[in-house]
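Peer 1: prediction below, plus the sequence it came from.
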Amino acid sequence: MTWLKKVLLPALLGLVLHAGAHGAQAQLYQVPGQAPAASKDEVQIYMDRESELRGIVSIPDRKLSVLVQPEGREWREWRTSTLRIVAAVLILGMIAAVLIFYLFKGTIRIEAGRSGRMIPRFNGLERFAHWSTATSFLVLAISGLVVTFGRPLLIPLMGHDAFTATAIVTTWLHNFFSVPFVVGLLLMIVLWIRDNIPEKSDIAWIKAGGGFLGKGPGGHPEAGRFNAGQKGVFWMVVLGGLAMAITGYLMMLPFYVTDISGQQIVHVIHGLGAAVMIAGIVAHIYIGTLGMEGAFDAMGRGEVDENWAVEHHSGWYQTMRKRLGLRTPPRRHEIGEIDHHPAGAD
Amino acid sequence: MARMKFLCDAERCIECNACVTACKNEHEVPWGINRRRVVTLNDGRPGERSISMACMHCTDAPCAAVCPVDCFYQTADGVVLHSKDLCIGCGYCFYACPFGAPQYPQATNFGSRGKMDKCTFCAAGPEQDNTPEEYQKYGSNRLAEGKLPLCAEMCSTRALMAGDGDELADIYKERVVRRGYGSGAWGWSTAYRDRQGDSFRPGSPSIEQQT
């Protein structure tokens, strides 16, 4: 046992003293530690660019334990410049593209003309889901754009007081219209997801340029109930909409789930996704109204002209033909009395 | 003209939280709002420091830059203030602020926020000086009475100082030379170094354009 006292004890003692000396040193030469300044001129008042500093606070608000968060600088750059540029380029770019397309190609007509015989396409529930999502989306998009672009565009026009009143209304609209938006979105998922699973024929449809861009003498590529373009819109709205809803609710309940950097990322996703969706929906609205004859009937009245169905959704038309028990071929270039199905089945 | 700043000497701060209490009491700040707080870094380890932190009244204030309704302004003394009549409580200033200064009262049970509240350097807001309306919205206006912020005035170790930035820097440098350690004022490089700018107000050319 004596060897233990002779060897181990001094070793332990040395270790303790050594550590103690280190501790004392650390306390003497304080952090941030530099060589002591000899004169006032040598004292650095500005430290190097500060990195994130997190400590503890004795108040219950834990997010305030962050002393300095330099990411705010990047977020500021995003909010004041990048977001506005990205959103403006995407949305204005899409509007310009649609305008140019309209000027050069005009409305895509039903080649065979209206037959006058209507095929049911969307029932009441489907149209309710669509229009609930669509109207909410318009309100959400406009109110979001007001808050994003209001300071440079609207304040010079209407003044600060009026813009604050406007902004309060638009933020409330933005919050409340999220509810019908999400309800419509979930309904659309339930109603349409099985018709929107990508399949082989979609590749051929894309290769042919769809019914819009590549409409040559060969006619429209074949498509089922939804073609690849519509499937693209469906998935953009579903995935984008869900991302918007999740990030949106995270911002409505700030700091419940994430911390400051999480909130900033959530805002970036929300802004970027919204810009992409607004641009996509501009194209969707154009194709569904002005861009294509007969397309609006599908969501407007719930039924489409037989010739439109033949030309744009030949696969779906064949199944509908069987289901409705149609025997005569579609009439061409006869715009007479509208013949509703199945009541007017011949 | 003075350029008002805060300087917290971390070598002196003893985490007594008197500044926090003084601020709460002086402005009757409601529960849940923390205009000033004391953050302790490296708690219980070598190099532990406590820093009293509030709005630093930045030269190129990020809150003012990101505000969608342009409600911020800077006084001739460099104090960054805002109008609660214009604020919509969106919370963007908290995302941009490097110091976590903006605070929001909870307006409804669904987490929506009321109008932002933050340290005013005891200079209140755009209302008429020292009126009940001003006090109710922004707290007391000590600067208009010729007094400095109460948090710094009652700091027992003189760790937290408020006043003209050049004078504060001079006092701090002298301290560092005399005691032989410690340098760098917490938050100063973030708040005051990067950019220079004139004071701003709603409707003035935005801060992004100035730089």
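Peer 2: Looks like it came in fine.
Peer 1: for the chain, which spans come out with low pLDDT?
Peer 2: Since no chain was named, I'll use chain A. Counting by pLDDT under 70, the ranges of chain A that qualify are A:1-35, A:49-50, A:211-220, A:333-346.
Peer 1: correction: the question concerned chain B.
Peer 2: Within chain B, the stretches with pLDDT under 70 are B:1, B:108-112, B:183, B:194-198, B:205-211.
Peer 1: phi, psi of A:V233?
Peer 2: Here the main-chain torsion angles of A:V233 (degrees, to the nearest 10) amount to phi -60, psi -40.
Peer 1: contacting residues for it?
Peer 2: By Cβ atoms under 8 Å, 6 or more residues apart in numbering or on different chains, the residues touching A:V233 are A:280, A:284. Bear in mind the C-beta positions are built from the backbone N, C-alpha and C, glycine included.
Peer 1: how about 6 Å then?
Peer 2: Contacts for A:V233 were tallied using Cβ atoms under 6 Å, 6 or more residues apart in numbering or on different chains; they are A:H284.
Peer 1: look up how far A:R194 lies from it.
Peer 2: Using Cβ to Cβ, to the nearest Å, one gets 16 Å for the distance from A:V233 to A:R194.
Peer 1: test my guess that A:L191 contacts A:E126.
Peer 2: Yes. Under the criterion of Cβ atoms under 6 Å, A:L191 is in contact with A:E126, at a separation of 5.4 Å.
Peer 1: may I see the buried residues of stretch A:289-297?
Peer 2: With burial defined by 16 or more other Cβ atoms under 10 Å in any protein chain shown, the residues of stretch A:289-297 counted as buried are A:291-297.
Peer 1: what would the residues you listed look like in a markdown table with secondary structure and distance to chain B?
Peer 2: Output for the buried residues of stretch A:289-297, formatted as a markdown table (DSSP: H, G, I helix; E, B strand; the rest coil; distance: Cβ to the nearest Cβ, whole Å):
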| residue | secondary structure | distance to chain B |
| --- | --- | --- |
| A:G291 | coil | 34 |
| A:M292 | strand | 37 |
| A:E293 | coil | 42 |
| A:G294 | coil | 42 |
| A:A295 | coil | 37 |
| A:F296 | helix | 36 |
| A:D297 | helix | 40 |
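Peer 1: can you tell me the SS state at the closest residue to A:D48 other than its chain neighbours?
Peer 2: When the adjacent residues along the chain are set aside, A:D48 lies closest to B:S189, with 6.9 Å between them (Cβ to Cβ, 6 or more residues apart in numbering or on different chains). Assigned by DSSP: H, G, I helix; E, B strand; the rest coil, the conformation of B:S189 is helix.
Peer 1: now the helices: where do they sit in chain B?
Peer 2: Counting by DSSP state H, residue ranges of the helices within chain B are B:18-27, B:62-66, B:92-96, B:132-138, B:150-153, B:165-179, B:188, B:207-210.
Peer 1: which among those is found nearest to A:G325?
Peer 2: For the helices of chain B, the distance to A:G325 is smallest for helix B:92-96, at 60.2 Å, taking Cβ to Cβ.
Peer 1: show me how far that closest one is from its chain's centre.
Peer 2: Going by Cα atoms, centre = their mean, to the nearest Å, the spacing between the C-alpha centre of helix B:92-96 and its chain's C-alpha centre is 14 Å.
Peer 1: one step back: just the buried residues of stretch A:289-297 now: which is nearest B:G182?
Peer 2: Taking Cβ to Cβ as the measure, B:G182 sits nearest to A:G291 out of those, at 69.1 Å.
Peer 1: residue contacts, the closest one?
Peer 2: Residues near A:G291 by Cβ under 6 Å, 6+ apart: none.
Peer 1: and it, backbone torsions?
Peer 2: Geometry field for A:G291 lists phi and psi as phi -80, psi -30, criterion degrees, to the nearest 10.
Peer 1: other residues contacting the helix or strand encompassing A:W205?
Peer 2: Secondary structure assignment for A:W205, by DSSP states H and E: helix A:200-207. Counting by Cβ under 6 Å, 6+ apart, the neighbours of helix A:200-207 from elsewhere in the structure are A:221, A:223, A:227-228.
Peer 1: A:M292 reaches A:I110, doesn't it?
Peer 2: No. Contact status for A:M292 versus A:I110: not in contact, 8.8 Å apart, counting by Cβ under 6 Å.
Peer 1: leaving out chain neighbours, which residue sits closest to the residue of the stretch 1-150 of chain A found nearest chain B?
Peer 2: Here the stretch 1-150 of chain A gets closest to chain B at one residue, A:M47, 3.5 Å apart by Cβ to the nearest Cβ. Setting aside the residues directly before and after it, A:M47 is nearest to B:G184 in space (Cβ to Cβ, 6+ apart), at 3.5 Å.
Peer 1: chain B versus the most centrally placed residue in chain A, what's the distance?
Peer 2: The geometric centre of chain A, computed from its C-alpha atoms, lies nearest to A:G273 (Cα atoms, centre = their mean), at 3.0 Å. Relative to chain B, A:G273 is positioned 17 Å away (criterion: Cβ to the nearest Cβ, to the nearest Å).
Peer 1: how about A:F163?
Peer 2: From A:F163 over to chain B the distance is 6 Å, taken as Cβ to the nearest Cβ.
Peer 1: for that residue, which three-state class applies?
Peer 2: Secondary structure assignment for A:F163 (three-state DSSP): helix.
Peer 1: find the nearest non-adjacent residue to it, please.
Peer 2: The shortest distance from A:F163 to any non-neighbouring residue, by Cβ to Cβ, 6+ apart, is to A:I155 (4.9 Å).
Peer 1: so what's the residue count around the one you found?
Peer 2: A:I155: 21 surrounding residues under other Cβ atoms under 10 Å in any protein chain shown.
Peer 1: where along the stretch 101-250 of chain A do the helices fall?
Peer 2: A:124-153, A:155-158, A:160-176, A:178-192, A:200-207, A:228-252 (DSSP state H, counting those that start in this stretch).
Peer 1: before we move on, the earlier item: angle of the helix holding A:W205 against helix A:228-252?
Peer 2: Angular relation of helix A:200-207 and helix A:228-252 on a 0 to 180 degree scale: 100 degrees, by axes from the mean of the first three to the mean of the last three Cα atoms, to 10 degrees.
Peer 1: centre of the chain to helix A:200-207, how far?
Peer 2: Its chain's C-alpha centre lies 25 Å from the corresponding centre of helix A:200-207 when counted by Cα atoms, centre = their mean.
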